[in-house]
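In: sharing a model prediction with you, sequence too.
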Amino acid sequence: MVSIRHLSVSVIGPGHLLSGQPNQDSVLVKRVPTGWLAVVCDGMGSKPHADLGSKKACLATFEVIKRVEFSIESKTLIKLIYQQWLNSLGDIKASDAVTTCLVAWVSNNGEIRTFQLGDGLILTSQQVTKRLNKNDFGNITTGLGKSKQFSDWQVTQQQLSVGDVIALMTDGISEDLNQGMEISFVNTIVESTFGKSTRQAKAWLKNEFRNWCTPNHTDDKSLAVLVINK
């Protein structure tokens, strides 16, 4: 059975602090019967319930994946997650709670499946999923509550090895990284937090995100990192 070391952090951006808005990102890392699950979601800032949409998307993904087999067909899984998310919103309109959804599902034998709708970045030591460029969509991003097309999702599957790293991040981080330097950025975090307790590692990473090196940054920043131990 695969063993995972993990770290996840979500920090509100200066822009939302100034405007009195909540953090619209959400992050979740949990053990599931088939292995491990990491989810990172970024609510669309122009929507009145963006923060709720991202939280509910993380929980909806967990609720579905904890009860299905790792071999489930991708389209079926995405439909289940979308329906679970819609149900969890209650009376709130989906169009008022639009959120990106980045998912990494690691099986007990070290295989990984990833699913991405909207902006942000998923990467492993062996592969970086293609970054979505907002210009490709006429400056309109997509997400749950906006897209109902399976073709809008990026889906990957690969086998991991001991020592491999998995990371999911919102575009508040990924858009400020130089192309090709993403895995170096994540490896630096892994190395800098090695040996620290979970509490110490989270405190260190939150401080790094709050003192982000990009001038005039405003966006929320969320990251989940998993390392395959065995």
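Out: Arrived safely. Numbering: from 1, shown residues only.
In: only C-alpha atoms from now on, for both contacts and neighbour counts.
Out: OK.
In: and residue 162, which of the three is it?
Out: Of the three states, residue 162 takes coil under DSSP: H, G, I helix; E, B strand; the rest coil.
In: same thing with residue 46?
Out: Quick answer, by three-state DSSP: residue 46 is coil.
In: gap between it and residue 21?
Out: 11 Å (C-alpha to C-alpha, to the nearest Å).
In: okay, those two: which has more neighbours?
Out: residue 21 (13 against 10; other C-alpha atoms under 10 Å).
In: can you name every helix or strand that the helix or strand containing residue 10 contacts?
Out: Secondary structure from DSSP states H and E places residue 10 in strand 4-11. Identification of packing neighbours for strand 4-11 by 3 or more C-alpha pairs under 8 Å, 6 or more residues apart in numbering; DSSP states H and E yields strand 25-32, helix 198-210, strand 221-228.
In: ends of stretch 155-168, how far apart?
Out: OK, stretch 155-168 end separation, C-alpha to C-alpha: 14 Å.
In: looking at this protein, which residue ends up farthest from its center?
Out: Distance from the centre of the chain peaks at residue 91, with 25.4 Å (C-alpha atoms, centre = their mean).
In: mind checking the SS state of it?
Out: From three-state DSSP, the assignment for residue 91 is coil.
In: residues contacting it?
Out: Shown in contact with residue 91 (C-alpha atoms under 8 Å, 6 or more residues apart in numbering): no residues.
In: that one and residue 39, how far apart?
Out: Applying C-alpha to C-alpha to residue 91 and residue 39 gives a distance of 24 Å.
In: following the strand holding residue 10, which helix or strand shows up next?
Out: Downstream of strand 4-11 (by DSSP H and E), the next one is helix 14-19.
In: could you dump that next one to PDB, C-alpha only?
Out: Output in PDB follows, covering the C-alpha atoms of helix 14-19 (Å, rounded to 0.1, in the frame of the first residue of the first chain):
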ATOM      1  CA  PRO A  14      -4.100  40.800  -0.600                       C
ATOM      2  CA  GLY A  15      -6.900  41.800  -3.100                       C
ATOM      3  CA  HIS A  16      -9.500  39.900  -1.100                       C
ATOM      4  CA  LEU A  17      -8.200  41.200   2.200                       C
ATOM      5  CA  LEU A  18      -8.500  44.800   1.000                       C
ATOM      6  CA  SER A  19     -12.000  44.300  -0.400                       C
END
